[in-house]
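Asker: need a 3D model of the sequence below.
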Amino acid sequence: MRSLQRSATRVYAALGAQFTALTALVVFEEIRGRRLAVEIASFGGDPDAPGARAVVGAVTIFAVLMMVTVAATIVAAGMYLAWLHRARPGSSAASVLAGCLLPGVNLVLPPLLADWAWQDAESEDRGRWLLLLSAWWASWLTALWLVLSGLTGSSGLTGIGPTELLAVGLSAILCATTVREITANHSKHPTSQPAFPIGRSFSPSGALEAPME
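Answerer: Here you go, the predicted structure:
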């Protein structure tokens, strides 16, 4: 169970890093991004246009923030998948990865995998758990929709603003709560079994012998 708890801690840290990176990106967008987008558009994409060199520093900062945010998001997804695989050791890593990355399937399967991991721990109060799980996944789909809508209909550099940031933050908090719930339940109700039946011994040939009195 310690490995599962350590994996959960890495998920919390990764989600925090992702939100921090996105916050920095949104702050830059609000302070400089919209004006920078107008300036870049006025250059027509020509780096040698008059005034283009004046925005090189701002463009570099934006590029770094974007790369950090994307990297933090990828790491958070990887940490979550690693934790989910440990929470459901019966599932192969390939099936968990494919189920969460295949387009369409990844809109349905992740909450099902989390629910199966919760059931593996033989926990009680299923109604409260399903409410939490539904709230997390609804918030995640809403955040995803807001971010994608901002990117496609943006008047700035990314179109990601405070509303999208709040949606992502709420989704991250609910995701961390589901991870904590499942991890705590597995700690209370461990499902792992000993490698061999307790109280029995094995002969040199590998045959199971009766318990020793």
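Asker: for the rest of this, base every contact and every neighbour count on C-alpha atoms.
Answerer: Noted.
Asker: centre of the chain to the host helix or strand of residue 17, how far?
Answerer: For residue 17, the host element (DSSP states H and E) is helix 2-28. Relative to the mean C-alpha coordinate of its chain, helix 2-28 is positioned 8 Å out (Cα atoms, centre = their mean, to the nearest Å).
Asker: any idea of the mean pLDDT for it?
Answerer: For helix 2-28, the mean per-residue pLDDT is 94.
Asker: mind naming the longest helix for the protein?
Answerer: For the chain, the longest helix by residue count, based on DSSP state H, is helix 56-87.
Asker: now residue 78: how far from residue 96?
Answerer: 11 Å (Cα to Cα, to the nearest Å).
Asker: now the helix holding residue 17: buried residues?
Answerer: The neighbour-count check on helix 2-28 (16 or more other Cα atoms under 10 Å) flags 4-5, 7-12, 14-26, 28 as buried.
Asker: number of residues surrounding residue 71?
Answerer: By the measure other Cα atoms under 10 Å, the count of residues near residue 71 is 15.
Asker: give me the pLDDT for it.
Answerer: pLDDT for residue 71: 97.
Asker: ok, residue 102 - how many residues close by?
Answerer: Using other Cα under 10 Å, residue 102 has 11 neighbouring residues.
Asker: same question, the one 4 residues further on
Answerer: Using other Cα under 10 Å, residue 106 is surrounded by 14 other residues.
Asker: against residue 66, how distant is the closest residue to it other than its chain neighbours?
Answerer: Among residues not flanking residue 106 along the chain, residue 100 sits closest, at 4.4 Å (Cα to Cα, 6 or more residues apart in numbering). Shown here: residue 100 relative to residue 66, a distance of 23 Å by Cα to Cα.
Asker: ditto for residue 29
Answerer: Taking Cα to Cα, one finds residue 29 at 11 Å from residue 66.
Asker: the more surrounded of these two?
Answerer: Counted by other Cα under 10 Å, residue 29 and residue 66 do not tie: residue 29 has more neighbours, with 22 against 17.
Asker: surely the more buried one meets residue 158?
Answerer: Yes - assessed by Cα atoms under 8 Å, residue 29 is found in contact with residue 158 at 7.4 Å.
Asker: next, the angle from the helix holding residue 17 to helix 56-87.
Answerer: 160 degrees (axes from the mean of the first three to the mean of the last three Cα atoms, to 10 degrees).
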